[in-house]
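>>> quick one, what's the 3D model for this:
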Amino acid sequence: FKHALVQDTAYSTMLVKQRRRLHERIAKTLQESSPAAAGTEPEIIAHHLTSAGLNEQAVEYWDRAARRAAAQSANIEAVDHFRTAIELLSKLPENARRRRAELHLQLGLGPALMAVHGWGNQDVAETYDRARTLGAEERDIPSLFQATWGLWLFYQSRSAHRQARQLTSELMEYASGAADTALDLQAHHATWTTNLFTGEVATAIQHCEAGLRLYDKSRHRNHALQYGGHDPCVCGHVQGAVMHWLFGQAEQAERHNQKGLALAEELEHRTSLVHAHLFSTRYRMMRNEPLKALGHAEQMIIHGKDMGLQLYTTVGEAWRGWAMVRTGDLDAGLGHIKGLIAEMNAGRARLPAPLDLAFFADALAANEEYDAALLQLADALKLIQRTGERFWEPEIHRLQGEFLWRNGSSTIEEIKERFVVAIEESQSIAAKALELRAASSLARLMFENGDTSGARRFLEPVYNWFSEGHDTPDMKNAKKLLEAMA
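Here you go, the predicted model:
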């Protein structure tokens, strides 16, 4: 047809049966004469099979199209294709074969939904709940494991750590009875993440190291399409960087971070790459390296916008605001952060994690808005009480002391109490890096108020504990303070 209108007119005059026969012939021709189309453009064959009313065959091709799109990080298209397949499948007779097919499709849909809408999206929970039901009916342990893992990530991303912890126990139980290293790897993946966020740093490192030992790139590189939309080894390295830094092993942390970023580039899986930039941004923020954090945040935003991944774009924008403040662009960075706080207060944006609120507070304090900063910290502590997300709690107490001190409205004893609590909380979660910060703050307070010997007693043993990372900002600051007190 030389003109689309002529084509549409001719098509509209055909009877439904004629149209279906035409689409069936086109699909059959493509399958027989262009077998490559089944691999490179399965959605075209799927469209013709659907229009021909051949739903069972169409489901197969929509499934192929969805998985091909997901493998290329085209997750919006993948979601559409999976949902089309599920809708067509619902028109087929109810039987065990249909249930198994739906289970397969729901498990494919879950990671694509996570990539597009975020891990904590309600559609994600509904998808994995349905998959759990189907997996239990079919007594399919690997599928039940995968569905449980997806539900775990939903609760984990919402800081619902109590529910997440229960699901990690189920995952470890499924894996222990299956004799499958793939399940072992992903059970460790879930457990190290929950342990990190709940402040069990040493245990998190153990699970992370166990998971990384199990990873085989040739066997497990496709896990990103099954579990959370990102590669488990990339995640292990970039989260491992956070764990080891907290544990006081700055050089090991740096090696993990670089390995994670390098593997993400090597795999050429863009969602894994943006995931690596997410945790690299957080890692650099925690280390107090705002310029490096800014670079990773901007990469998150670029990739997030390009692929339509709202989770990464939103988080990247928030963290870029902090990095802008800390690199000297005070007005622009604060404007961004205050806009986001207003959105949260109005209920238009979901409340972020305690760590995010702490960095919002840090940015506000840079502009001497100490009362507003302290309100953010108070909200962060309420979140910790509600969720059990403890890994940044010591730093929140330390920042309270710092801002009360700078505000000039509290007694030395009140400020000192915040620093002592920060030290105790750091020790309780084995976060040596945060203990060093809290001890430095307390020592500086005591030194400036005439208690030099007491200040050294607090700081010197903590500083001397470290065997690596002497070039980090915190170690340099502690050394400078000790030299001033010599």
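>>> please enumerate the helices of the stretch 301-450 of the chain.
All helices of the stretch 301-450 of the chain, identified by DSSP state H, counting those that start in this stretch, fall at 310-326, 330-345, 354-366, 370-387, 393-407, 412-428, 432-448.
>>> name the helices or strands packed onto the last one?
Looking back up the chat, that one is helix 432-448. Applying 3 or more C-beta pairs under 8 Å, 6 or more residues apart in numbering; DSSP states H and E, we find helix 432-448 packed against helix 232-246, helix 393-407, helix 412-428, helix 452-465, helix 473-484. Any C-beta I mention is one placed from the backbone N, CA and C, and that applies to glycine too.
>>> check which residues of that helix are buried.
Neighbour counts over helix 432-448 (16 or more other C-beta atoms under 10 Å) mark 432-447 as buried.
>>> buried deepest among the helices and strands packed on helix 432-448, which one?
With neighbours taken as mean count of other C-beta atoms under 10 Å, the helices and strands packed on helix 432-448 reach their highest mean count in helix 232-246, at a mean of 27.
>>> mean pLDDT lowest where, among the helices of the stretch 301-450 of the chain?
Mean pLDDT values for these show the minimum at helix 330-345, a mean of 82.
>>> element containing A178, please.
Element membership for A178 (DSSP states H and E) is empty, with no helix or strand holding it.
>>> excluding chain neighbours, what is closest to it?
I141 (5.7 Å; C-beta to C-beta, 6 or more residues apart in numbering).
>>> mind checking pLDDT for that neighbour?
The model reports I141 with a pLDDT of 92.
>>> neighbours of it, just the number please.
I141 has 16 neighbours, counted by other C-beta atoms under 10 Å.
>>> over to A293?
A293: 25 neighbours (other C-beta under 10 Å).
>>> what are the buried residues along stretch 199-210?
199-201, 203-208, 210.
>>> L364 contacts L330, correct?
No: counting by C-beta atoms under 8 Å, L364 stays clear of L330, with 10.8 Å between them.
>>> please say which of those two ends up with more neighbours.
Neighbour count, other C-beta under 10 Å: between L364 and L330, L364 has more, with 24 against 14.
>>> apart from its chain neighbours, what residue comes closest to the more buried one?
Spatial nearest neighbour of L364, excluding adjacent residues (C-beta to C-beta, 6+ apart): A373 at 4.1 Å.
>>> let's check: the centremost residue of the chain is which one?
In the chain, the centroid-proximal residue (C-alpha atoms, centre = their mean) is H275; its distance is 6.4 Å.
>>> which strand or helix spans that residue?
helix 270-286.
>>> and the longest helix along the chain, what does it pack onto?
For the chain, the longest helix by residue count, based on DSSP state H, is helix 96-117. Using 3+ C-beta pairs under 8 Å, 6+ apart, the elements in contact with helix 96-117 are helix 55-71, helix 75-89, helix 122-138, helix 141-157, helix 310-326.
>>> in that helix, what counts as buried?
Neighbour counts using 16+ other C-beta under 10 Å place 98-117 of helix 96-117 among the buried residues.
>>> pLDDT weak spots in the chain?
1-16, 37, 343-352 (pLDDT under 70).
>>> can you tell me which residues contact A276?
The contact partners of A276, by C-beta atoms under 8 Å, 6 or more residues apart in numbering, come to 234, 238, 260-261, 263-264.
>>> tabulate those (JSON lines), appending distance to K91.
Shown next, in JSON lines, are these (distance: C-beta to C-beta, whole Å):
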{"residue": "V234", "distance to K91": "39"}
{"residue": "V238", "distance to K91": "43"}
{"residue": "G260", "distance to K91": "44"}
{"residue": "L261", "distance to K91": "46"}
{"residue": "L263", "distance to K91": "42"}
{"residue": "A264", "distance to K91": "40"}
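>>> tell me the two of the residues you listed that are most distant?
Farthest apart among the contacts of A276 by C-beta to C-beta are V238 and L263. That separation is 9.4 Å.
>>> residue contacts, L399?
L399 neighbours (C-beta under 8 Å, 6+ apart): 358, 361-362, 365, 373, 377.
>>> go on, W465?
W465 sits next to 248, 432 when contact means C-beta under 8 Å, 6+ apart.
>>> next: Q376.
341, 357-358, 360-361, 364.
>>> and for T194?
Counting by C-beta under 8 Å, 6+ apart, T194 has contacts 152, 156, 161, 164-165, 168.
>>> quick check, nearest of those to T313?
Lowest distance from T313 to the contacts of T194 (C-beta to C-beta) belongs to Q156, with 20.2 Å.
>>> that closest one and A125: what is the separation?
Distance, Q156 to A125, by C-beta to C-beta, to the nearest Å: 12 Å.
>>> neighbour count: the two, which is higher?
Q156 (23 against 18).
>>> the more buried one against T193, yeah?
Yes: if you go by C-beta under 8 Å, Q156 and T193 touch, sitting 6.1 Å apart.
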